[in-house]
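S.K.: have a look at this prediction, sequence included:
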Amino acid sequence: MKKLNLFFIIVFVSLLASESFTQTATSVILPQYIQGLNGTNNNRVPFVFRAKLDGLLPNTTYRFINQIVRSTDSPTTNGAGNCFFVPSSIDSPFVRTTSPDLNAGPYGSFTTDATGSYTGWFITEPTGNARFVPGSYIFMRIRLNDGAGGTTVATRLTLPDSVKVVNLYSSAAPGDTACTGIYGQSLATSKDFVFLYDNVSGSGRPIASATVENDGIDLAPVTSFAMFYRDSVENKVGYWGTIIPNVLPNGVRRIERRLFADGSLHPVVATDADGVWPSGVNTVSPTGGTAALRINVTDAPIPVELVSFSAKVQNGSVILNWITATETNNSGFEIQRNSGKGFAAIGFVNGNGTTTSKKEYSFVDKNVGQGSYSYRLKQIDLNGHYTFSNIVEINTELPREFNLAQNYPNPFNPSTKINFSLAVDSKIKLTIYNLLGQVVNTLINSNYTAGNHTVSFNANGLNSGIYFYKIEAFGIDGQNFVATRKMILTK
């Protein structure tokens, strides 16, 4: 009986372990179409997708290579296609390879979270391999090492959803196997990603995907890439390029931007009700092939890239300051205040139209009584479209002591707010540190008046983990105040 019980215990534990470490790959954002040709392929266009890998070892760094397979390929087939590896930091260049290798490299790498999961960007370059047959369907396969520095394949994970292969032809071709190039100019941040949909709401899977240039790879001399991509997209900051199928009855009706850091949706998206964009470009079942369509910056702009928005109290007034990195057709900003009865407009500041340079703005709300107030910006385009900024809050009652509050929300992704109070006018330094004590951001290094203040911190570009924020205040009356608090970034 003891031997029998021991047998069942061993079997149960084995099954439990097997279930606990089942490794899976699922699609997060997977376009429906990829360019491809089985043979000499000189019309290549990168294919971007986002995937989630589960069941891996927690807090472990893996090497990986992503390629494509057919449904008839065996589970141990590596696949075909070249790779663009997306780095963990937006400050590092993408890496292209035609000969990925888990031993000598190049290979990609990522680190799982505490649950053994990883979600990230992957880019495939279609080649002339026999699997890229126009009209056929392929699957994305990601192979991994053992997570312990191994140089051979330990796991192959395949996304369950297929992608249809279509090709860029220079002349008329069978509709359901053909595609047309499409590219555009935007003021989006380099290394973010663009996705195209055939519906306004962005439901379902996107039609196509693209990287916002410049990504650090020089494809201009690579003659195997589509001519429109090399001439009109590659190395041109803010440009993007991809393909759309020639059978597309709705046309492209939505162009959205996803952030490099975490894949979150940029709040401003470009939409068109019928697929014929304001500049006149018609994306409904196109037939241009290698003669690519161009989406103008006025068709699909990113109106304003707001870097910061803050409020402070000075001499009985509230001073609002904000900075933009880029603007497109920006008429200006309506300033709105909420004192407890809802937001109402209290002023307007003119914008700078279209610009790629940083601009600084300010607005003074004079003679504000004591109490708590909320402010937001209504950014208005020249065509009347508008978006709202985040909300900043401030209390005009003077505090009696210095204080550094816990950030909120906490944990956060990717933004949080930090509140602090100054009993007297002070020189302030507010700094963000990582666990190694290294400075990752200096939020404030200037003079502030007595009062309650709020500053926003956006952690795009930082990895998940524990960080510390430290305030150093040097009061005009000789009082000094230093405090440090912990915050947690989860992605």
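M.R.: Great, that's in hand. Residues are numbered from 1 along each chain as shown.
S.K.: for Asp176, helix, strand, or coil?
M.R.: helix (DSSP: H, G, I helix; E, B strand; the rest coil).
S.K.: that one: neighbour count?
M.R.: Number of residues near Asp176 (other C-beta atoms under 10 Å) recorded here: 12. C-beta coordinates here come from the backbone N, C-alpha and C atoms, glycine included.
S.K.: what's across from Ile142 in the sheet?
M.R.: Residues in a beta bridge with Ile142, per DSSP bridges, are Asn66, Leu157.
S.K.: that one: neighbouring residues, count only.
M.R.: By other C-beta under 10 Å, neighbour count at Ile142 equals 20.
S.K.: list the contacts of it.
M.R.: Neighbour list for Ile142: Ala25, Ala51, Leu53, Phe64, Ile65, Asn66, Phe122, Arg156, Leu157, Thr158, Leu159 [criterion: C-beta atoms under 8 Å, 6 or more residues apart in numbering].
S.K.: the fifth one contacts Arg143, correct?
M.R.: Yes. Contact between Ile65 and Arg143 holds when scored by C-beta atoms under 8 Å: they sit 5.4 Å apart.
S.K.: and for those two, which residues touch both?
M.R.: Shared contacts of Ile65 and Arg143, defined by C-beta under 8 Å, 6+ apart, comprise Asn78, Leu102.
S.K.: Leu398 and Thr449: what is the separation?
M.R.: 9 Å (C-beta to C-beta, to the nearest Å).
S.K.: next one: Phe412
M.R.: 27 Å.
S.K.: what does Gly202 give?
M.R.: 44 Å.
S.K.: can you check Pro75 too?
M.R.: 66 Å.
S.K.: ok, now Thr326?
M.R.: Counting by C-beta to C-beta, the gap from Thr326 to Thr449 is 31 Å.
S.K.: higher neighbour count, those two?
M.R.: Thr326 (24 against 17).
S.K.: what bridges to the more buried one?
M.R.: Here Thr326, judged by DSSP bridges, has bridge partners Glu305.
S.K.: repeat that for the one 10 residues further on.
M.R.: The residues paired with Gln336 through beta bridges, assigned by DSSP bridges, are Ala345, Arg376.
S.K.: neighbours of it, how many?
M.R.: Neighbour number of Gln336 under other C-beta under 10 Å is 19.
S.K.: that one against Lys378, yeah?
M.R.: Yes. Counting by C-beta under 8 Å, Gln336 does reach Lys378; the two are 5.9 Å apart.
S.K.: between the two, what contacts are shared?
M.R.: Ala345.
S.K.: quick one: low-confidence ranges for this protein?
M.R.: 1-21, 171-174, 301-303, 315, 367 (pLDDT under 70).
S.K.: can you give me the domain assignment for the chain?
M.R.: Domains of the chain are assigned by the TED database as 24-166, 179-295, 305-395, 403-489.
S.K.: pick the most buried one from those domains.
M.R.: Sort the domains of the chain by mean neighbour count, taking mean count of other C-beta atoms under 10 Å, and domain 179-295 sits at the top with a mean of 20.
S.K.: gap between that domain and the chain center?
M.R.: 15 Å (C-alpha atoms, centre = their mean, to the nearest Å).
S.K.: does Phe468 touch Ile488 like I think?
M.R.: No. Judged on C-beta under 8 Å, Phe468 makes no contact with Ile488 at a distance of 10.6 Å.
S.K.: helices along the protein, start to end?
M.R.: 2-20, 227-232 (DSSP state H).
S.K.: got the contact list for the last one?
M.R.: Taking contacts as C-beta under 8 Å, 6+ apart, the residues outside helix 227-232 that touch it are 43-45, 181, 183, 219-220, 222-223, 239, 241, 290-292, 294.
S.K.: any idea how far Phe193 is from the residue nearest the centre of the chain?
M.R.: Centrality entry for the chain: nearest residue to the mean C-alpha point is Leu259, 1.3 Å, by C-alpha atoms, centre = their mean. Going from Leu259 to Phe193 by C-beta to C-beta gives 8 Å.
S.K.: got it, and Ser117?
M.R.: Taken as C-beta to C-beta, the span from Ser117 to Phe193 is 20 Å.
S.K.: kindly report the same for Thr26.
M.R.: Distance, Thr26 to Phe193, by C-beta to C-beta: 18 Å.
S.K.: swap in Gly461?
M.R.: 15 Å.
S.K.: same question for Gly81.
M.R.: From Gly81 to Phe193 the distance is 18 Å (C-beta to C-beta).
S.K.: cool, Gly371 as well?
M.R.: Counting by C-beta to C-beta, the gap from Gly371 to Phe193 is 43 Å.
S.K.: check Gly316 too.
M.R.: Per C-beta to C-beta, Gly316 is found 46 Å from Phe193.
S.K.: before we move on, what about Asp215?
M.R.: Where Phe193 is concerned, Asp215 sits at a distance of 10 Å (C-beta to C-beta).
S.K.: next: Glu234.
M.R.: Distance from Glu234 to Phe193, by C-beta to C-beta: 16 Å.
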